[in-house]
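Novice: Need coordinates for the following:
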Amino acid sequence: MHAFGITEVFNIANDNERPRRQGIMKLILDELNVDSAAPPVWIGKTDVHYIFVWNTDALTCLLYEVISCGIQEQPVRKAQYFQFVQVIGGETLHVFHNHSVSSKTHNLKIGRKKRICSTFWRHAATKSSAARPAVLFGGDFNCSPLDWGTCFIDLMQTQTARKTVQICRARPMGGHKGDNAIAINVLATQETSHFGVSWQSKEDAFSDDHDVVLVPLHWGNRPESNNSAARPVSTIARIDALEMPSRMAEEEVHLRTGKELKLEHYCGPPTPNNLVEHAEVDHSIGSNATFDERNEAVAASPYNAIYCSKTSAAQPASSSTALLLHTTTSQHRTTPPPVSDEFGDSDFNGSQCATPPVMWTDTDDDKMSVAPSLSLPSVDTPLYNALLEKLSASGDEGIIDTLADLFIFDKLKCKKPHGGAEQPAQSPNDPYSLGLRVEHVLNVTRTQRSHQIVRLAARNDPRAESPDTLVFSTGDMKEIMNAWRLQPETWMNPESFTLVNAMTRNQDYHQACKKRFGTMLFELFGNKSLVLTFIKCPICSAAQPALVLSTFANAWHDVKNSPQACTARENSQKQEKPRLSKRIYELKKTMKRGESIAEWVAADCGNWDLLSTADQHIWLEYDPVNLKRQIAELKAQQQPKFPGIAITE
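Specialist: This is a model prediction of the structure:
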């Protein structure tokens with residue numbers, strides 16, 4: 001563990017508790033430094049109602065500030081802002097450690113959430129020269145996934161600066177979906193923390209109502225070479241220092257890096273007289289080194305996994321928010337690194353070397369996977385934006401994320417559906433944008449609806465006059481899917497289309513198209529039945545699309561947890577007996593063979609002597625009533641086909 005933070009340490013508006021907060025931080029640091037020689041390895045900063053500590057052997061803090069959240073009518077809202085690097089000259093990670101208080105006296109509407117998000121993002125952009133800065137929003141922002149999507153609506157003009165936006169969450173508890181953290185322009189994974197109230201009792205857990213959110217992440221290693229704020233010197237004035245001059249000494253900006261900061265917990269803050277001295281020392285480290293020297297230092301450093309955790313209990317320190325960072329060189333797990341956001345000459349001369357893989361800690365594969373991308377609206381997703389507005393108006397928050405959790409997992413998270421929009425500078429290991437995926441599904445299914453309405457109009461079907469409310473019948477759906485499947489050039493990728501067209505046998509061509517058509521439907525959103533529902537119902541024009549989507553999710557959940565489905569999952573496990581489908585097939589084959597033999601022997605008794613030993617055995621054991629009973633019993637154990645949702649036509 002290399003860093004963690006705690007929020008909500010006493011009331012945000014009560015600064016009289018600062019000595020107690022400092023005492024808590026000292027206890028934490030003393031415990032963490034108990035096995036380290038002087039100077040201490042762990043240091044920390046406490047301001048407002050936050051505590052944040054980190055390991056200086058792993059992370060170097062280039063800059064620390066207490067910044068305003070941008071809510072002028074509530075100036076008490078402030079956050080901790082850090083710039084961390086793994087080595088001097090390496091790419092900067094911008095960490096915002098914040099608690100968005102929600103109470104009667106500090107009301108937190110969606111408008112204020114949007115202003116806080118916008119303030120922090122613009123602050124990171126101001127402090128960074130990178131085209132896509134690596135940013136982490138941790139603490140307790142009190143934002144649901146839909147809230148986060150709404151917050152980024154006002155930042156759509158800067159969407160090119162966000163290559164990926166991932167959300168990492170705690171384990172849901174009851175009706176609460178769990179807390180979350182946002183990782184931008186990094187490679188993050190989702191992992192359960194095994195720490196919090198759902199793992200321990202309320203008396204033993206750090207919070208009485210929340211779990212820690214872990215965010216293992218890797219950020220790039222190219223330097224923000226033109227960013228003066230990213231060098232280990234700063235004389236930046238704090239926003240609140242002008243408001244409270246008497247606290248300037250307590251809330252100073254970090255002016256040192258590396259091991260020099262280890263003394264900060266035990267020594268007083270720097271005085272104005274020694275600022276120049278520290279600045280001169282740090283200048284020689286941060287800016288005089290050549291670009292090649294900094295790159296060599298970065299290339300020699302191991303890749304790191306950073307764990308950040310968060311919860312949102314509005315309680316004292318005993319039930320507060322935590323932020324963890326963890327760095328490791330363990331080789332038990334390997335994940336390919338993301339594509340870097342910055343480009344140098346080597347990116348274009350064909351001589352760039354392969355980047356070493358990211359080393360993750362050894363952890364349970366079932367508990368750790370690529371973190372899902374946050375479903376953000378953008379100028380490229382007009383259909384998705386309109387759908388989000390309708391879902392927000394109906395109060396059905398998070399239904400898109402619920403469907404994504406149900407159906408998009410493993411490799412499908414990173415796979416772009418055929419025909420979907422490209423992601424800028426996408427690596428094969430980056431999760432595909434959920435917003436782009438939903439936009440593609442809406443566009444594809446709306447197109448198929450339009451084709452069918454044209455066919456209905458050509459037949460003078462009166463239903464074609466109300467396309468925005470038309471729910472297709474079963475016959476309509478068969479016609480749509482057959483017509484779609486018979487046009488492989490519209491849905492099959494070029495390589496497969498060339499291969500399939502080269503087939504000479506009609507049966508081979510038919511089977512290949514059918515198989516690839518099913519694969520295409522699955523890759524759209526991880527569930528073919530959901531795609532059929534999007535075609536059958538007017539999702540884009542429906543006044544209440546949340547009703548259709550939530551009904552589908554509930555129906556799928558009921559089928560998935562039905563006794564038949566549970567039995568089918570048990571039967572699908574590796575076992576000595578053949579699969580149910582194979583046993584049913586063998587019984588049907590035996591019954592058909594027995595019926596044929598019985599008719600042949602009944603026609604001429606002499607045919608008995610012409611039978612093989614196996615056929616004679618089948619004739620002796622042939623009992624159609626008993627065979628039909630066995631087949632019926634096995635079929636009853638099979639999982640029923642999902643029928644979709646019931647919609648009145």
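Novice: give the contact list for residue 466.
Specialist: Contacts for residue 466 (CB atoms under 8 Å, 6 or more residues apart in numbering) come out as none. Heads up, the C-betas are built off the backbone N, CA and C, glycines and all.
Novice: With residue 496 as the reference, measure out to it.
Specialist: According to CB to CB, to the nearest Å, residue 466 and residue 496 sit 38 Å apart.
Novice: now residue 139
Specialist: 47 Å.
Novice: Give me the more crowded residue out of those two.
Specialist: Applying other CB atoms under 10 Å to residue 139 and residue 496 shows that residue 139 carries more neighbours, namely 29 against 16.
Novice: Give me the pLDDT value at the more buried one.
Specialist: On pLDDT, residue 139 comes in at 86.
Novice: correct me, but it touches residue 77?
Specialist: No - counting by CB atoms under 8 Å, residue 139 stays clear of residue 77, with 12.0 Å between them.
Novice: Need the three-state assignment for the closest residue to residue 480 other than its chain neighbours.
Specialist: Nearest-residue entry for residue 480: residue 452, 5.0 Å, with adjacent residues in sequence omitted and distances by CB to CB, 6 or more residues apart in numbering. Following DSSP: H, G, I helix; E, B strand; the rest coil, the label given to residue 452 is helix.
Novice: Run through the residues that contact residue 452.
Specialist: 472, 476, 479, 480.
Novice: Dump the host helix or strand of the third one to PDB, restricted to CA.
Specialist: So that's residue 479. Using DSSP states H and E, residue 479 falls within helix 474-485. What follows is helix 474-485, C-alpha atoms only, in PDB (Å, rounded to 0.1, in the frame of the first residue of the first chain):
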ATOM      1  CA  THR A 474     -44.000 -11.700 -34.100                       C
ATOM      2  CA  GLY A 475     -44.500 -12.000 -37.800                       C
ATOM      3  CA  ASP A 476     -42.900  -8.600 -38.300                       C
ATOM      4  CA  MET A 477     -39.900  -9.600 -36.300                       C
ATOM      5  CA  LYS A 478     -39.400 -12.700 -38.400                       C
ATOM      6  CA  GLU A 479     -39.500 -10.700 -41.600                       C
ATOM      7  CA  ILE A 480     -37.100  -8.100 -40.200                       C
ATOM      8  CA  MET A 481     -34.500 -10.600 -39.000                       C
ATOM      9  CA  ASN A 482     -34.700 -12.700 -42.200                       C
ATOM     10  CA  ALA A 483     -34.300  -9.600 -44.400                       C
ATOM     11  CA  TRP A 484     -31.400  -8.400 -42.300                       C
ATOM     12  CA  ARG A 485     -29.600 -11.700 -42.300                       C
END
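Novice: what does it contact?
Specialist: Helix 474-485 is contacted from outside by 448-449, 451-452, 455-456, 472, 490-491, 513-514, 517, 532, 535-536, using CB under 8 Å, 6+ apart.
Novice: Mind giving me the ChimeraX select for those, buried ones only?
Specialist: Of these, the buried ones go into a single ChimeraX selection, burial set by 16 or more other CB atoms under 10 Å:
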select :448,449,452,456,472,491,513,517,532,535,536
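Novice: Narrow the contacts of helix 474-485 to those in strands?
Specialist: Per DSSP state E, strands hold no members of those.
Novice: how far away is the residue nearest to residue 543 when sequence neighbours are not counted from residue 13?
Specialist: Among residues not flanking residue 543 along the chain, residue 390 sits closest, at 7.6 Å (CB to CB, 6+ apart). As judged by CB to CB, residue 390 and residue 13 stand 38 Å apart.
Novice: Which of the two has more residues huddled nearby?
Specialist: Using other CB under 10 Å, the more surrounded residue of residue 390 and residue 13 is residue 390, with 16 against 13.
Novice: Could you say which helix or strand holds the more buried one?
Specialist: Per DSSP H and E: residue 390 is located in helix 382-394.
Novice: burial measure for residue 629, as a count.
Specialist: 11.
Novice: Please identify which helix or strand holds it.
Specialist: Residue 629 belongs to helix 624-637 when elements are defined using DSSP H and E.
Novice: Residue 66 now?
Specialist: strand 60-68.
Novice: Can you name every helix or strand that that strand contacts?
Specialist: With contacts taken as 3 or more CB pairs under 8 Å, 6 or more residues apart in numbering; DSSP states H and E, strand 60-68 sits against strand 78-85, helix 110-127, helix 239-243.
Novice: Now do the buried residues in the second one.
Specialist: Judged by neighbour count using 16+ other CB under 10 Å, the buried positions of helix 110-127 are 112-121, 123-125, 127.
Novice: Secondary structure of residue 435: a helix, I assume?
Specialist: Yes - according to three-state DSSP, residue 435 belongs to a helix.
Novice: Contacts only, for residue 567.
Specialist: Neighbour list for residue 567: 637, 639 [criterion: CB under 8 Å, 6+ apart].
Novice: one more time with 10 Å, if that's ok
Specialist: Contact analysis of residue 567 by CB atoms under 10 Å, 6 or more residues apart in numbering lists 580, 636, 637, 638, 639.
Novice: Next one: the third one from residue 624, what distance?
Specialist: What that stands for is residue 637. Counting by CB to CB, the gap from residue 637 to residue 624 is 21 Å.
Novice: Compare neighbour counts for these two and give me the winner.
Specialist: Between residue 637 and residue 624, counted using other CB under 10 Å, residue 637 has the larger neighbour count: 14 against 11.
Novice: is it true that the more buried one touches residue 580?
Specialist: Yes - using CB atoms under 10 Å, residue 637 is in contact with residue 580, at 5.8 Å.
Novice: which neighbours do the two share?
Specialist: 567, 568, 571.
Novice: In JSON lines, list the residues you listed along with distance to residue 597 and pLDDT.
Specialist: Output for these, formatted as JSON lines (distance: CB to CB, whole Å; pLDDT from 0 to 100):
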{"residue": "567", "distance to residue 597": "34", "pLDDT": "79"}
{"residue": "568", "distance to residue 597": "34", "pLDDT": "76"}
{"residue": "571", "distance to residue 597": "31", "pLDDT": "70"}
